[in-house]
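Engineer: Here is a sequence with its predicted model. Questions after.
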Amino acid sequence: MTTIVTILTQGYADWETALLNAVARQYYEVDTLYATPDGRPVVSAGGLRVTPDLAIADIDPGAMDALVLNGGTAWSAPDAPELGDVLHAARASGRLVAAICDGTLALARAGLLDQVRHTGNAPDALTATGYAGATLYQQTPAAVSDGGVVTAPGTAPVSFMAAVMAGLGRHDDNLAFYLGLHAAEHRAA
């Protein structure tokens with residue numbers, strides 16, 4: 001079975017991966033697991049409490065297909081979780097790695113954005129990490145997928161969901177229809 005592990009931190013932005021995990025689990029029968037820095041429950045920006053399945057230290061890249069970093073203010077804090085080892089292990093195992101919003105900061109700090117096209121909330125936020133991929137930054141409101149790495153600004157949960165599902169080989173007519181439903185809202189505005 002296909003498995004997505006989503007990393008959540010205290011105060012995570014609950015809207016950013018909710019659609020991805022719901023679509024994956026409900027419509028594509030993907031196993032969705034959640035990890036937190038210490039394996040303890042976290043509360044989202046909106047007050048949603050999640051009891052995780054595991055701690056970040058217990059993530060086994062060989063037992064998943066995608067590692068997703070949910071955004072939130074914790075990634076820009078001085079004591080942000082260090083994910084370099086698990087991120088590099090996931091990429092070395094050929095696993096999809098994805099981050100939305102400030103989750104992209106962890107990818108930048110780990111050097112995963114140095115060689116792939118990517119996006120995020122703003123180029124200067126990523127540059128502040130000291131990463132070497134600034135010339136590959138894409139100024140776009142939608143998710144960017146390149147070389148097994150998916151990134152998105154926090155305002156793009158729909159295209160982020162689509163890019164991750166496509167990266168898992170799940171882009172089909174149903175997903176295209178679902179994207180069309182969400183796009184209709186923006187065309188109407």
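Structural biologist: Structure received. Numbering: from 1, shown residues only.

Engineer: Quick one: residues contacting the closest residue to Ser93 other than its chain neighbours.
Structural biologist: Leaving aside its sequence neighbours, Ser93 sits nearest to Pro61 (C-beta to C-beta, 6 or more residues apart in numbering; 4.3 Å). (Each C-beta comes from the backbone N, C-alpha and C, glycine too.) Shown in contact with Pro61 (C-beta atoms under 8 Å, 6 or more residues apart in numbering): Leu67, Val86, Ala89, Ala90, Ala92, Ser93, Arg95.

Engineer: which ones among those residues are found in strands?
Structural biologist: Leu67 (DSSP state E).

Engineer: Ala55: neighbour count?
Structural biologist: Counted by other C-beta atoms under 10 Å, the residues lying close to Ala55 total 13.

Engineer: contacting residues around it?
Structural biologist: Ala35, Thr36, Pro37, Asp38, Gly39 are the contacts of Ala55 under C-beta under 8 Å, 6+ apart.

Engineer: Okay, buried residues for the helix or strand of the chain with the lowest mean pLDDT please.
Structural biologist: One helix or strand of the chain scores below all others by mean pLDDT, DSSP states H and E: helix 173-188, with a mean of 82. For helix 173-188, burial by neighbour count (16 or more other C-beta atoms under 10 Å) applies to Leu175, Tyr178, Leu179.

Engineer: With stretch 48-62 instead?
Structural biologist: Under 16+ other C-beta under 10 Å, the buried positions of stretch 48-62 are Val50, Pro52, Asp53, Ile56, Ile59, Pro61.

Engineer: May I have the least confident helix or strand of the chain as PDB, with CA atoms only?
Structural biologist: C-alpha atoms of helix 173-188 as PDB (Å, rounded to 0.1, in the frame of the first residue of the first chain):
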ATOM      1  CA  ASP A 173      -9.300  11.600 -14.600                       C
ATOM      2  CA  ASN A 174     -10.800  11.600 -11.100                       C
ATOM      3  CA  LEU A 175      -8.000  13.900  -9.900                       C
ATOM      4  CA  ALA A 176      -8.300  16.100 -12.900                       C
ATOM      5  CA  PHE A 177     -12.100  16.400 -12.200                       C
ATOM      6  CA  TYR A 178     -11.400  17.200  -8.600                       C
ATOM      7  CA  LEU A 179      -8.900  19.900  -9.600                       C
ATOM      8  CA  GLY A 180     -11.500  21.400 -12.000                       C
ATOM      9  CA  LEU A 181     -14.000  21.700  -9.100                       C
ATOM     10  CA  HIS A 182     -11.500  23.700  -7.100                       C
ATOM     11  CA  ALA A 183     -10.400  25.800 -10.000                       C
ATOM     12  CA  ALA A 184     -14.000  26.800 -10.600                       C
ATOM     13  CA  GLU A 185     -14.000  28.700  -7.400                       C
ATOM     14  CA  HIS A 186     -11.100  30.900  -8.500                       C
ATOM     15  CA  ARG A 187     -12.600  31.500 -12.000                       C
ATOM     16  CA  ALA A 188     -15.800  32.700 -10.400                       C
END
